Structure formats: C-alpha cells, structure tokens
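Q: sequence first, then the predicted structure, then my questions.
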Amino acid sequence: MTPTKYRGVAGVLAGTALLAACSPAAAWTEHVYKPQHFAAAFTAPPKVDPDPNPFLVEENDGSVDFGVTAACNIATAKSPDQMMSDAIEGTRLNGTVRAITYTASGGIMGREMLVDRAGATTVKQRIFVKDRCMYLVFGSSKDGPDDAAVTHFLDSFRML
C-alpha cells in the first residue's frame, strides 16, 4: 500500500472509530406542569416528589441529575431580587456557591450559579421569580457542569 493510500485508509478507520464511540443523541421530551406554570425537557420520564410543598420534578439516572423545584403562591412583600438573594443564601447550605451571573428565560431575569458540593458533582443552578412563583432549575452531570446535556436541560426550562 502506498503511503498516500495508507493515510487515507487510516483516516477512514479513525473516523469510523470516532463515530462508533459516540453515543446516540438523547431524545428530549418536554413535560408541562400547568399548576406550577412551567415546562422543561427531560431525556427520561422524570419523577415527581409526592410532597407538593415545594413541588419537585427530577430525572436522576446516576450520570445526570436534572430537576426543577417550584414554590408558587408565595406570600411575601419581598421583591423578586430579594427572593433570589434569599434563595442563593439558602443554596449556600448545600455547598459552595460561585460564578453567580445573570440569566434570562422568556424575558424574566434570573441568576445562574455553580454549586460545589463535597464528594458530589458540581451543580449548575438557575433561579427565577415570576408571579409569586420561585423556580430553582438545576442540572449536573458526571461530565461536569459544562456538559451539553446540562445546558440543554437548563435552556429547555420555560415559564408558562
């Protein structure tokens, strides 16, 4: 085999090996939660916590953990910013909060942060407040908080 043909065959074999190593794309399905006024896409049917206060829906297969906690009809005189600040302080009980930035969903401003937890994967979390409802949207992956699946899940969240 000539060197040129060898490189061509080697390139085809390497490309085939890379394609074989790729896992199939996850099938995302949107789930709508009308009483809590939100929707989000999951790769598997999520479980709903039987305790309705606060409402929690979560998909956790050991490699990813996606979820939304929703507390609606909150009776408070606090502004959405104050409510988000309180939620960030509450999150600090679960780990070290860092990299807090602004984010938006459907025109509603929120906060995004990373939460480092001892002995566990880092969680990427977003907090939104709309119409007396607070939403904590979170995702983690064994591949880290920048995994495309985490971003896809967080971006799929929308308030109704």
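A: Here it is on my side, so go on. Numbering: from 1, shown residues only.
Q: going by C-alpha atoms from here, please, whenever you check contacts or count neighbours.
A: OK.
Q: what about the nearest residue to Ser141 once chain neighbours are set aside, neighbour count?
A: With sequence-adjacent residues excluded and distances taken as Cα to Cα, 6 or more residues apart in numbering, Ser141 is closest to Val64, at 4.3 Å. The tally of other residues near Val64 (other Cα atoms under 10 Å) stands at 19.
Q: contacts only, for Val64.
A: Counting by Cα atoms under 8 Å, 6 or more residues apart in numbering, Val64 makes contact with 139-142, 150.
Q: now, those that are in strands?
A: Under the assignment DSSP state E, the contacts of Val64 contribute 139-141 to strands.
Q: just among these, which is most surrounded?
A: Gly139 (29 neighbours).
Q: which residues touch the closest residue in space to that one that isn't next to it in sequence?
A: Counting by Cα to Cα, 6+ apart, Phe66 is the residue found nearest to Gly139 once chain neighbours are left out, at 4.4 Å. Contacts of Phe66 were listed using Cα under 8 Å, 6+ apart, and they are 42, 58-60, 137-140, 150, 153.
Q: burial count for Gly62?
A: For Gly62, the count of nearby residues is 8 (other Cα under 10 Å).
Q: what's the spacing between it and Asn53?
A: Gly62 sits 25 Å away from Asn53, going by Cα to Cα, to the nearest Å.
Q: surely Asp81 forms part of a helix?
A: Yes: applying DSSP: H, G, I helix; E, B strand; the rest coil, one finds Asp81 inside a helix.
Q: the most centrally placed residue in the chain bridge partners, please.
A: With distances taken as Cα atoms, centre = their mean, Gly139 lies nearest the centre of the chain, 3.1 Å away. Beta-bridge partners recorded for Gly139 (DSSP bridges): Phe66, Lys124.
Q: show the contacting residues for it.
A: Counting by Cα under 8 Å, 6+ apart, Gly139 makes contact with 64-67, 123-125, 145, 150-151, 153-154.
Q: are any of those buried, and which?
A: Listed as buried from those are 64-67, 123-125, 145, 150, 153-154; burial here means 16 or more other Cα atoms under 10 Å.
Q: from the residues you listed, which single one is nearest Lys78?
A: The shortest approach to Lys78 among the buried ones among the contacts of Gly139 belongs to Gln125, at 21.3 Å (Cα to Cα).
Q: quick check, that closest one in contact with Phe138.
A: Yes: assessed by Cα atoms under 8 Å, Gln125 is found in contact with Phe138 at 4.2 Å.
Q: how about Phe153, nearest residue that isn't a chain neighbour?
A: Once flanking residues are discounted, Phe153 sits nearest to Ala41: 6.1 Å by Cα to Cα, 6+ apart.
Q: no further questions, thank you.
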